[in-house]
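1. With the input below, show me the fold.
(one chain, ligands or ions: 2)
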Amino acid sequence: MERKNAWKGYDEEKLAQVDALAKDYMRFLDSSKTERECVDTIVNEIEAAGYRELSVLEKEGKKLSCGDKVYAVLMNKTIVLFQLGTRPMTEGMNILGAHIDSPRLDVKQNPLYEDSDFSLLDTHYYGGVKKYQWVALPLAIHGVVVKKDGTTVEINVGENEDDPVFFISDLLIHLAGEQMEKKASKVIEGEALDIIVGSKPLADEEKDAVKAGILKILSESYGIEEEDFLSAELEVVPAGKTREAGFDRSMILGYGQDDRVCAYTSLKAMLEIGQTDRTACCILVDKEEIGSVGATGMQSRFFENTVAELLDLCGEYSELNLRRCLAASNMLSSDVSAAFDPSYASAFEKKNSAFFGRGMVFNKFTGARGKSGSNDANAEYVAHIRSIMDEAGVAYQTAELGKVDVGGGGTIAYILALYGMNVIDCGVAVLSMHAPWEATSKADVYETKCGYVAFLEKACL
Ligand code: MN
Ligand code: MN
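-> Ligands and ions are numbered 1, 2, ... in the order given. Next comes the predicted model:
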């Protein structure tokens, strides 16, 4: 049961569409390197498309009806969009879900120090990273510093051509005999991931003169002092723009494609659909990489609360209606899939692997060691999805995350499944997942967007 490569079926017009979407996606990635930046970018885009904020509509006492487009944001890190369908909410929604947090290095709360005429920022890595991949490459700092008076200072350094960048040093190969004998998890240890931010001492300073110089710059540029790091969220990410990859420009190399590739394509699908029967919904959440925890993670009540508010504005709210709406919903829980990598073929089982260019990936289940931690989609639901994709002419493939017993991974799918709704894992295949620069296929990005549109318009189980 080999799946066809989507590129082979494209005519000139299709190729132009694939390329246009890829270009727009690359722009999205460059403007959205943190969950906060993602939410900002998305809000700007959907406001321009006629979406209105739920809390504002509540204050206005507006009643909602079919065709209305609304959204809600939590703590600037998680966002949910709805486009109301012609049928009552109690008959269920079609939901797209993805996450907008990505692996990175977070600056600690007391981070700044000086050592040997360098000034450094101490970090704590976020999500699953191969720590050795984060040294000796240009890094940027994105985030916010919130001062005691409540004012927020936005930081974004390292992306413009004339911005400075930051870096983590690595031991020169000439002296690395001992280091090279270590296993990969120990080559670079967590506490070694401190980023170098300066080396020029202040002339009139006796002690820690380099650090003093950095603090002076922070004060002059941003109006912040050392104690303000206590209430900061600064994320260290690879510096630089997303690039096309390959002589044929068929691929995209960029930071944070897990899972912004699914977030972006879900967003595009929401903006592309016309009036649907069922209410269309898209939830883009934070904290997936560390277990979907916290107020802004998928395990939070935010989603359920927002659906309750929406039902209320539709004049349909009751506890029972809320339960009915969620239980009757269908969901595509989207996250990136491991693309088959010929350089590491032994980690994969080829018949059940995702390949670049073969389209949107469906994972009936994820998990590890006997599917532990997985949402295992119901066969009836998988059949329904297959028929929708085939009818819409979407290229798709099915896969597992690597060979049985080699490893595994989880997604947000099992959390929504708790309501008793149909959920299946799907998404885009990624090469070098969780590395500073991850790769995707333009064809897969395009097919996945088309798959989401078909799902929002047609799913009705
Ligand atoms: Mn992911
Ligand atoms: Mn991930």
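2. so who does whichever residue of the stretch 151-300 of the chain sits closest to ligand 1 touch?
-> At 3.9 Å from ligand 1, Asp259 is the closest residue in the stretch 151-300 of the chain, using CB to the ion. Using the backbone N, CA and C atoms, a C-beta is placed for each residue, glycine as well. Neighbour list for Asp259: Ala98, His99, Ile100, Ser102, Glu288, Ser334, Asp335, Val336, Gly427 [criterion: CB atoms under 8 Å, 6 or more residues apart in numbering].
3. a markdown table for these, including distance to Leu21 and secondary structure?
-> Listed next are the contacts of Asp259 as a markdown table, based on distance: CB to CB, whole Å; DSSP: H, G, I helix; E, B strand; the rest coil:
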| residue | distance to Leu21 | secondary structure |
| --- | --- | --- |
| Ala98 | 16 | strand |
| His99 | 21 | strand |
| Ile100 | 19 | coil |
| Ser102 | 20 | coil |
| Glu288 | 24 | helix |
| Ser334 | 16 | strand |
| Asp335 | 19 | coil |
| Val336 | 17 | coil |
| Gly427 | 16 | strand |
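4. Which single one of those residues is nearest to ligand 1?
-> For the contacts of Asp259, the minimum distance to ligand 1 (CB to the ion) is 4.1 Å, reached by Asp335.
5. re earlier: tell me the buried residues within the contacts of Asp259.
-> Ala98, His99, Ile100, Ser102, Glu288, Ser334, Asp335, Val336, Gly427 (16 or more other CB atoms under 10 Å).
6. Using PDB, write down the CA coordinates of the strand or helix carrying Glu37.
-> Element membership for Glu37 (DSSP states H and E) is helix 35-48. Taking C-alpha atoms only, helix 35-48 is exported to PDB below (Å, rounded to 0.1, in the frame of the first residue of the first chain):
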ATOM      1  CA  GLU A  35       3.900  31.400  21.600                       C
ATOM      2  CA  ARG A  36       3.200  35.100  22.400                       C
ATOM      3  CA  GLU A  37       4.400  36.200  19.000                       C
ATOM      4  CA  CYS A  38       2.200  33.500  17.400                       C
ATOM      5  CA  VAL A  39      -0.800  34.800  19.200                       C
ATOM      6  CA  ASP A  40       0.000  38.400  18.200                       C
ATOM      7  CA  THR A  41       0.400  37.500  14.500                       C
ATOM      8  CA  ILE A  42      -2.800  35.400  14.500                       C
ATOM      9  CA  VAL A  43      -4.900  38.100  16.200                       C
ATOM     10  CA  ASN A  44      -3.800  40.700  13.700                       C
ATOM     11  CA  GLU A  45      -4.700  38.300  10.800                       C
ATOM     12  CA  ILE A  46      -8.100  37.200  12.100                       C
ATOM     13  CA  GLU A  47      -9.200  40.700  13.200                       C
ATOM     14  CA  ALA A  48      -8.600  41.800   9.600                       C
END
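7. any residues touching it, and which ones?
-> Residues contacting helix 35-48 (CB under 8 Å, 6+ apart): 28, 31-32, 69, 71, 73, 76-79, 81, 100-101, 142-144, 233, 260, 263, 267, 270-271, 284, 286, 296.
8. Show the subsequent helix or strand relative to the helix or strand that contains the residue of the stretch 151-300 of the chain closest to ligand 1.
-> Taking DSSP H and E as the criterion, the element that holds Asp259 is helix 257-272. Sequence-wise, the next helix or strand downstream of helix 257-272 (DSSP H and E) is strand 279-285.
9. How is the chain divided into domains?
-> Here the domain parsing of the chain from automatic domain parsing is 6-102+255-458, 105-238.
10. Quick one: end-to-end distance for the shortest one.
-> It stands for domain 105-238. Start-to-end span of domain 105-238 (CA to CA, to the nearest Å) is 10 Å.
11. ok so, going back, now the helix holding Asp259 and helix 35-48, what's the angle there?
-> 10 degrees (axes from the mean of the first three to the mean of the last three CA atoms, to 10 degrees).
12. Now find how far off-centre helix 257-272 is within its chain.
-> 9 Å (CA atoms, centre = their mean, to the nearest Å).
13. Kindly format the C-alpha coordinates of that helix as PDB.
-> Only the C-alpha atoms of helix 257-272 are listed here, as PDB (Å, rounded to 0.1, in the frame of the first residue of the first chain):
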ATOM      1  CA  GLN A 257       7.900  24.100  12.700                       C
ATOM      2  CA  ASP A 258       6.900  21.700  15.500                       C
ATOM      3  CA  ASP A 259       4.100  22.600  15.700                       C
ATOM      4  CA  ARG A 260       3.700  26.000  14.000                       C
ATOM      5  CA  VAL A 261       3.400  24.200  10.700                       C
ATOM      6  CA  CYS A 262       0.100  22.700  11.900                       C
ATOM      7  CA  ALA A 263      -1.000  25.900  13.700                       C
ATOM      8  CA  TYR A 264      -0.400  27.900  10.500                       C
ATOM      9  CA  THR A 265      -2.200  25.500   8.200                       C
ATOM     10  CA  SER A 266      -5.100  25.200  10.600                       C
ATOM     11  CA  LEU A 267      -5.400  29.000  10.800                       C
ATOM     12  CA  LYS A 268      -5.300  29.200   7.000                       C
ATOM     13  CA  ALA A 269      -8.100  26.600   6.700                       C
ATOM     14  CA  MET A 270     -10.300  28.600   9.200                       C
ATOM     15  CA  LEU A 271      -9.800  31.700   7.000                       C
ATOM     16  CA  GLU A 272     -10.500  29.900   3.800                       C
END
